[in-house]
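# next one to model:
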Amino acid sequence: VSLCSLISIKAQTVDSLSVKTEDGWIEKINDKIGLDVSLNNSYEIFEVKTETTKFILYPNTATNLRLNVNYRFISFGFQFTPDFIPGNGDENLKGKTKSFQLSTAFIFKHWFTDLSYSKVKGYYLKNSNDFTALSENEPFIQFPDLNYYGFAITTGYSSNSKFSFKSLTSQTERQLRSAGSFIPAINLRYYVIDDKSSGMSTQKTNNIESSIGPGYIYTFVSREKFYLSLGLLSSLGYLNTKLTTRQPDGDITTNQDNFIFRWDGKVGLGYNGRSFYTGIYTNISGTEYRQENTTAMNFETRVFYHLFLGIRI
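Got it, this is the predicted structure:
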């Protein structure tokens with residue numbers, strides 16, 4: 001056997017160990033760690049509408065910065081809101097907001113689970129002009145002691161073994177050929193909204209939400225590196241809210257039970273090479289439920305974006 005043949009055989013062996021392709025549809029990248037940085041506008045807002053009034057509460061966070069580490073089936077992420085990004089830190093008009101998020105994901109062949117913890121302090125009333133006439137330099141109505149924190153868990157199942165969910169989330173795989181999958185999911189969420197200001201009457205809500213629903217995602221692939229992904233997901237669930245109103249003569253507690261409906265439309269466009277990946281995802285999300293024993297309708301329709309850039313080492 002010639003020296004060139006031995007070198008060729010060794011190179012092929014090393015390459016087969018580092019890259020594993022399943023039936024020409026999915027390429028696993030098990031020997032590299034993915035590091036990516038991203039920008040997004042995923043933050044908690046609250047919108048409540050009654051027959052006569054509407055309240056829209058926003059944190060003073062235009063853009064979040066997110067750092068992620070991905071390896072095989074596991075992913076870790078940390079998200080915060082730095083002031084140096086344009087649009088953040090306009091504290092004179094909208095007040096000060098502090099926020100961060102920790103998350104992790106476990107993604108296997110078919111099953112996946114996402115866990116996250118989020119915390120936000122400081123909101124402002126986006127539609128302050130509905131309640132008082134503001135000049136150009138006059139601040140919005142602010143709620144600096146309004147706090148939000150919450151835990152969320154999502155577990156889902158991807159039914160098609162030729163579809164790579166990792167290629168769209170942790171980027172620890174590459175989708176080589178176009179494929180789609182039916183993806184049902186279960187969502188559990190616990191969150192608290194607490195006004196800790198020193199007013200005469202403040203409120204705190206403890207919320208437990210659970211939902212289940214179907215979804216479908218299809219990824220169109222070109223040249224094994226470029227992709228376009230389209231998805232539609234919906235869920236129907238239950239929301240229990242415990243409302244505590246603090247008053248000088250004692251707290252008043254009430255409970256509400258509501259059915260909640262959510263839907264999400266997703267579009268993703270990206271490049272997924274062996275050493276470098278990037279993309280932008282857009283998500284249109286809607287949530288709606290009517291408060292029990294009231295005429296108030298809670299709803300939220302938002303457009304999210306996620307722009308990311310990553311390398312594998």
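
# any idea what residue 303 is bridged to?
On the basis of DSSP bridges, residue 303 is bridged to residue 284.

# quick one, what contacts it?
Going by Cβ atoms under 8 Å, 6 or more residues apart in numbering, residue 303 touches 282-285. No exception for glycine: its C-beta is placed from N, CA and C like everyone else's.

# do residue 158 as well
110-112, 165, 181-183.

# of the contacts of residue 303 - the most surrounded one?
residue 283 (18 neighbours; other Cβ atoms under 10 Å).

# could you find the closest non-adjacent residue to that one?
What sits nearest to residue 283 in space, not counting adjacent residues and going by Cβ to Cβ, 6 or more residues apart in numbering, is residue 304, at 4.3 Å.

# just give the number of residues close to the one you found.
15.

# quick revisit: which among the contacts of residue 158 count as buried?
By neighbour count, with 16 or more other Cβ atoms under 10 Å, the contacts of residue 158 hold 112, 165, 181, 183 as buried.

# out of these, which one sits closest to residue 154?
Nearest to residue 154, judged by Cβ to Cβ, of these is residue 112 at 8.1 Å.

# distance of that closest one from residue 185?
9 Å (Cβ to Cβ, to the nearest Å).

# for residue 121, same thing?
Applying Cβ to Cβ to residue 121 and residue 185 gives a distance of 30 Å.

# how about the helices in this protein?
3-18, 91-94 (DSSP state H).

# need the contact list for the residue nearest to residue 283.
With Cβ under 8 Å, 6+ apart, residue 304 has these contacts: 40-42, 282-285.

# want to throw these into JSON lines with distance to residue 207?
Converted to JSON lines, the contacts of residue 304 look like this (distance: Cβ to Cβ, whole Å):
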{"residue": "40", "distance to residue 207": "23"}
{"residue": "41", "distance to residue 207": "22"}
{"residue": "42", "distance to residue 207": "19"}
{"residue": "282", "distance to residue 207": "27"}
{"residue": "283", "distance to residue 207": "22"}
{"residue": "284", "distance to residue 207": "23"}
{"residue": "285", "distance to residue 207": "18"}
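
# among those residues, which two are most distant?
Counting by Cβ to Cβ, the most remote pair of these is 40 and 284, 14.2 Å apart.

# one step back: pick the one among the contacts of residue 304 closest to residue 88.
Distances from residue 88 to the contacts of residue 304, taken by Cβ to Cβ, are shortest for residue 41, at 10.9 Å.

# and that closest one, how many neighbours?
15.

# tell me the contacts of it?
62-64, 304-305.

# report the two of those residues separated the most.
Across these (Cβ to Cβ), the longest gap, 12.8 Å, separates 62 and 304.

# residue 118 and residue 150 touch, don't they?
Yes: using Cβ atoms under 8 Å, residue 118 is in contact with residue 150, at 5.5 Å.

# how many residues are close by residue 215?
Residue 215: 19 neighbours (other Cβ under 10 Å).

# ignore the last one, residue 135
6.

# then residue 306?
18.

# ditto for residue 130
With other Cβ under 10 Å as criterion, residue 130 counts 12.

# over to the one 3 residues further on?
Here the count is done by other Cβ under 10 Å, and residue 133 has 7 residues near it.

# and what of residue 171?
23.

# what's the spacing between it and residue 34?
Counting by Cβ to Cβ - residue 171 and residue 34 are separated by 5 Å.
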